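>>> okay, here's the prediction I keep looking at, along with the sequence it came from:
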Amino acid sequence: MDRIVVKTAGKVQYELIRKSNRRRIALRVTDDARVVVSAPSRTPRTTIDRFVADHVDWIERKLAAVGSLPKTLPEHTYMDGDRFLVFGEEKILKVQRGGVATTTCELVEDTLVVHARNGAKGGAIGKAITLWYVELGNQVYGELVEKWISRIGQAEVSRPVVVSMASYPKRMGSCSQKGDLRFAIRSLMLPLPLVDYLALHEVAHLVHFNHGDAFKRMLGECMPDWKHRQHEMSSLRIRTAHI
Ligand SMILES: [Zn+2]
């Protein structure tokens, strides 16, 4: 069975996971700045400590990087003053109650205004906001996908393409063999250049159904800094699983 113990090697504090099926020592730094070492059951502590000590520079670089990750927003309250990310910018929620039959949401400059039915609870307000994101996504990704398809060439993308939004908790997008492109609702919280990269990434899958060299060449031809954008996206790690 795995065992987790907090050990200290020099000034680095780490969690040790012993695994009988592991061959080598592995080291990682988690998003919440924990240093985790996985090691075979029989590796002596001195060997593990030395391994950690040898990688102190790498650990410190990683810890500095996760320390600079943007803070995720606090849990939503769905009340006035609650904050939502739209294309990397914070929008403040304002709930106006009464006078409407259904609860709807609209963006007015930097304010996300929900026109709520009398007695509407947080769940109903959250639903209206989600619906607003879905409509925004359909429109924005619809336009971006069209742009990249015409850039790559209609002839290359031979089938009809359907764009929709999905509540993926982890992935940001997907492409089916049939030509269904789906994007995570929470990807709309990313800055626009990254949303544009996501659109291109999935459109390129309509031609190359893998991440091979031809796929990467296509990304490079359409968006020379795609690697940078991809890296930025993974370092942003928008963890808001729901709206
Ligand atoms: Zn992909």
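Done, it's in. Remember, predicted model here, so these are calculated numbers, not experimental data.
>>> domains of this structure?
4-67, 83-236 (automatic domain parsing).
>>> to residue 77, which of these lies closest?
domain 83-236 (7.3 Å; CB to CB). C-beta here means a position set from N, CA and C on the backbone, and glycine is covered the same way.
>>> state the mean pLDDT of the helix or strand hosting residue 138.
Using DSSP states H and E, residue 138 falls within helix 122-152. Helix 122-152 shows a mean pLDDT of 95.
>>> which helices and strands does that helix pack with?
strand 104-108, strand 111-116, strand 162-166, strand 180-184, helix 192-207, helix 213-222 (3 or more CB pairs under 8 Å, 6 or more residues apart in numbering; DSSP states H and E).
>>> how about that helix: buried residues?
For helix 122-152, the neighbour count (16 or more other CB atoms under 10 Å) marks 124-126, 128-130, 132-134, 136-137, 140-142, 144-145, 148-149, 152 as buried.
>>> that older thread, ok, and which of the domains of the chain has the densest surroundings?
domain 83-236 (a mean of 16; mean count of other CB atoms under 10 Å).
>>> flag the shaky bits of the chain, pLDDT-wise.
1-10, 68-73, 237-243 (pLDDT under 70).
>>> redo that, cut-off 80
Regions of the chain meeting the criterion pLDDT under 80 cover residues 1-11, 31-33, 65-74, 154-156, 158-159, 169-170, 234-243.
>>> hmm, back to that, and the helices and strands packed on helix 122-152 as CSV, adding distance to residue 36?
CSV is the format used below for the helices and strands packed on helix 122-152 (distance: least, CB to CB, whole Å):
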stretch, distance to residue 36
strand 104-108, 40
strand 111-116, 38
strand 162-166, 31
strand 180-184, 27
helix 192-207, 28
helix 213-222, 31
